[in-house]
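>>> Just to be clear, the model below is a prediction. Sequence and coordinates:
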Amino acid sequence: MSDDAAAGGSAEQVTDWPVRESDGSVYHYTDIKGLKGILDSGQIWGTHVAYLNDSQEFSYGVEAICAMIARYGEHVKASTQTEPELRSSAILGVCKNVLRAQELIADDFGPFVACFSMFGDDLSQWRGYANGGYAIEFDSRILKDSVKQTTLPTELPISESTPVPELHPVEYLPERQSARVARLVDDHIDELINAVGDDPGTGIHPAQQRLVRRIIPLAASMKHKKFFGEAEQRLISHTSETFYSTSRIGLIPRVRFEFDRSAVKGVLVGPSEHCDAKTLSLCRYLRRWYPKAEVIRSNVPYRDI
């Protein structure tokens, strides 16, 4: 079947060119079931970080941040800053509460994330996440500006304290991770110092709690440098689940992120045995529901999948 036939007689709807570097777009790789669910509803599911494909991802972020805070505290202690020991004590006191928060997250509130890549038509992404499926191209600015958490009438209500979901780039390089942690601690250092010596009772001091609430999303956007090639961005919300889905590991806590449909710029058709038929059906669908979105065929050879 020719490209013209695959496009239903409208070849200009189908683009056949390499998509690699980000041009203000982010890509969500998924299979046919996920594609239809996302496009039909105008929503994408967020997953509790404890139930991602790699359950150690969040633990890595928390442990890395604690190590960075400890090193930064020792650095401050040895510096010529005013009251270095007091500053160091205030900084080091945060670590145990970050670890405590990690334990609480598994049972209560926690970061819920939806994952994107800055790379389109990427072989490793096709292999790892899409199963020969599709990649939805989003305009990152429209996605960021329009996204909100939503729920269905039959599901659990959204917590009143739920913040607006935010799109964060994942940081892979240790030196950049350390710089982000140091800036975050510096933003809170004065109130941390004021909290030294206060007795918060059995709970965490409000000053430390405010910092920990900012650290947790940061931990959810940090990964080991070996994953650098994923060029990932994550939609993150610190909230509680509103529904559950089933998987081979059990019931998965989820939330719904709703986006403006104008955020969908196009859909990449992944390398597969039936690429022509997939392209034809996708063109028909988008023409009716997303008329401004283009169809892009993968340039990755099917034999490589």
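Done, it's in. Numbering: from 1, shown residues only.
>>> Quick check: which element contains residue 138?
Using DSSP states H and E, the element containing residue 138 is strand 134-139.
>>> since we're on the residue found closest to residue 210 once you drop the neighbours it is linked to in the chain, how many residues are nearby?
Computed as C-beta to C-beta, 6 or more residues apart in numbering, the closest residue to residue 210 that is not its neighbour in sequence is residue 188, at 6.7 Å. Backbone N, C-alpha and C define where each C-beta goes, glycine included. For residue 188, the number of neighbouring residues by other C-beta atoms under 10 Å comes to 20.
>>> CA atoms of the one helix or strand residue 188 maps to as CSV?
When elements are defined using DSSP H and E, residue 188 is found to belong to helix 174-195. What follows is helix 174-195, C-alpha atoms only, in CSV (Å, rounded to 0.1, in the frame of the first residue of the first chain):
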residue,chain,number,x,y,z
PRO,A,174,24.8,14.2,39.7
GLU,A,175,26.4,17.7,39.6
ARG,A,176,23.2,19.2,38.4
GLN,A,177,21.1,17.3,40.9
SER,A,178,23.3,18.6,43.7
ALA,A,179,23.0,22.2,42.4
ARG,A,180,19.2,21.9,42.4
VAL,A,181,19.2,20.5,46.0
ALA,A,182,21.5,23.2,47.2
ARG,A,183,19.3,26.0,45.7
LEU,A,184,16.2,24.4,47.3
VAL,A,185,17.9,24.2,50.8
ASP,A,186,19.2,27.8,50.5
ASP,A,187,15.7,29.0,49.7
HIS,A,188,14.6,27.6,53.1
ILE,A,189,17.7,28.0,55.2
ASP,A,190,16.5,31.0,57.3
GLU,A,191,13.3,29.4,58.5
LEU,A,192,15.2,26.1,59.1
ILE,A,193,17.7,28.0,61.4
ASN,A,194,14.8,29.6,63.2
ALA,A,195,13.3,26.1,63.8
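>>> Mind listing the strands the strand holding residue 138 pairs with, and their directions?
Using DSSP bridges, strand 134-139 pairs in its sheet with strand 25-30 (antiparallel), strand 264-269 (antiparallel).
>>> hang on, the earlier thing: which residues are contacting the helix holding residue 188?
Where contact means C-beta atoms under 8 Å, 6 or more residues apart in numbering, the residues beyond helix 174-195 that reach it are 64-65, 68-69, 71-72, 83, 86-87, 90-91, 93-94, 171, 205-208, 210-211, 214-215, 218, 222, 225.
>>> Tell me the buried residues in that helix?
Of the residues in helix 174-195, those with enough neighbours to count as buried (16 or more other C-beta atoms under 10 Å) are 177-178, 181-182, 184-185, 188-189, 192-193, 195.
>>> Kindly export the strand holding residue 138 (C-alpha atoms) in PDB.
Output of strand 134-139 as PDB, limited to C-alpha atoms (Å, rounded to 0.1, in the frame of the first residue of the first chain):
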ATOM      1  CA  TYR A 134       2.300   4.900  19.100                       C
ATOM      2  CA  ALA A 135       3.800   8.100  20.500                       C
ATOM      3  CA  ILE A 136       1.500  11.100  21.100                       C
ATOM      4  CA  GLU A 137       3.200  14.400  20.500                       C
ATOM      5  CA  PHE A 138       2.200  17.200  22.900                       C
ATOM      6  CA  ASP A 139       3.000  20.900  22.700                       C
END
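>>> which other helices and strands contact the helix or strand that that strand is followed by?
The first helix or strand that comes after strand 134-139 along the chain, using DSSP H and E, is helix 140-146. Counting by 3 or more C-beta pairs under 8 Å, 6 or more residues apart in numbering; DSSP states H and E, the packing neighbours recorded for helix 140-146 are strand 25-30, strand 166-169.
>>> distance of residue 289 from residue 35?
Residue 289 sits 12 Å away from residue 35 when distances are taken as C-beta to C-beta, to the nearest Å.
>>> Comparing the two, which shows the higher neighbour count?
In this comparison of residue 289 against residue 35, neighbours counted by other C-beta under 10 Å, the higher total goes to residue 35 at 22 against 13.
>>> which ones are touching the most centrally placed residue in the chain?
The structure's the chain has its C-alpha centroid closest to residue 234; by C-alpha atoms, centre = their mean the separation is 1.8 Å. The neighbourhood of residue 234, defined by C-beta under 8 Å, 6+ apart, consists of 113-116, 167-168, 170, 220-221.
>>> so what's it closest to, chain neighbours aside?
With sequence-adjacent residues excluded and distances taken as C-beta to C-beta, 6+ apart, residue 234 is closest to residue 113, at 4.7 Å.
>>> ok so that neighbour is a strand residue?
Yes. Using DSSP: H, G, I helix; E, B strand; the rest coil, the assignment for residue 113 is a strand.
>>> Which pLDDT value goes with it?
The pLDDT attached to residue 113 in the predicted structure is 95.
>>> Check the one 4 residues further on too.
Each residue has a pLDDT score; the one for residue 117 is 95.
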